[in-house]
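Student: I'll drop the sequence and a predicted model, then ask my questions.
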Amino acid sequence: MIADNPDEATITLDDEHKIRILSTENSKEAQQLVDQCQSFSKKLDFFYTSSAAYCEAVEALAQRIDEEKLKAIGQRNNHSMEGTLRDRKKAELEALIAERRAELERYTAEYESLVKVEQEQQALITRLTSMEA
């Protein structure tokens, strides 16, 4: 039974002799639409799962990159500090060498002075012993 007015609900029988409110063609189209919606929903679920996995992988790589970047910055700082420490140690050693050279010159001058005093004393002793004799 088909109604003249499409706004009215009609009851029909399909090929399998099931009672339908929609026409067979509309019923098939509705079923195709349901199937397409389910397929689309499955594709969306797969897309969300894939994109979430991709985002996690990208975040893990970003974290690893940040760690490596910090490690490289630390190594660069150590390298620059090493040069500074080396220069500081060199300056300290040069200052110590200069101090020891000055000390050596003082001791050398003192030694020469003592040798001169000893020679003078030996000369005096010699003169005194030769006068007594």
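Tutor: Perfect, I can see it now.

Student: Which pLDDT does the model give Q75?
Tutor: pLDDT recorded at Q75 is 91.

Student: Can you report how many residues neighbour it?
Tutor: 10 (other CB atoms under 10 Å). Heads up, the C-betas are built off the backbone N, CA and C, glycines and all.

Student: now T10
Tutor: T10 has 14 nearby residues by other CB under 10 Å.

Student: Check the secondary structure at it for me.
Tutor: Assigned with DSSP: H, G, I helix; E, B strand; the rest coil, T10 falls in the coil class.

Student: these two touch, right, it and S23?
Tutor: Yes - contact criterion CB atoms under 8 Å: T10 and S23 qualify, at 7.3 Å.

Student: Counting by contacts, list what the strand or helix carrying F47 packs against.
Tutor: Per DSSP states H and E: F47 is located in helix 24-132. For helix 24-132, there is no helix or strand it packs on, judged by 3 or more CB pairs under 8 Å, 6 or more residues apart in numbering; DSSP states H and E.

Student: Use 44 as the first number from now on
Tutor: Sure thing, new numbering starts at 44, so read that last one as helix 67-175.

Student: and it, how far from the chain's centre?
Tutor: How far helix 67-175 lies from its chain's middle: 14 Å, per CA atoms, centre = their mean, to the nearest Å.

Student: Buried residues in stretch 136-145, which are they?
Tutor: Across stretch 136-145, burial judged by 16 or more other CB atoms under 10 Å covers no residue at all.

Student: just stretch 95-102 next, same as before
Tutor: By neighbour count with 16+ other CB under 10 Å, stretch 95-102 contains no buried residues.

Student: Tabulate the CA atom coordinates of that stretch in CSV.
Tutor: Once non-C-alpha atoms are left out, stretch 95-102 reads as follows in CSV (Å, rounded to 0.1, in the frame of the first residue of the first chain):
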residue,chain,number,x,y,z
ALA,A,95,47.8,9.3,19.3
ALA,A,96,50.7,6.8,18.7
TYR,A,97,52.4,9.2,16.3
CYS,A,98,52.1,12.1,18.9
GLU,A,99,53.5,9.9,21.6
ALA,A,100,56.5,8.9,19.3
VAL,A,101,57.1,12.6,18.4
GLU,A,102,57.0,13.6,22.1
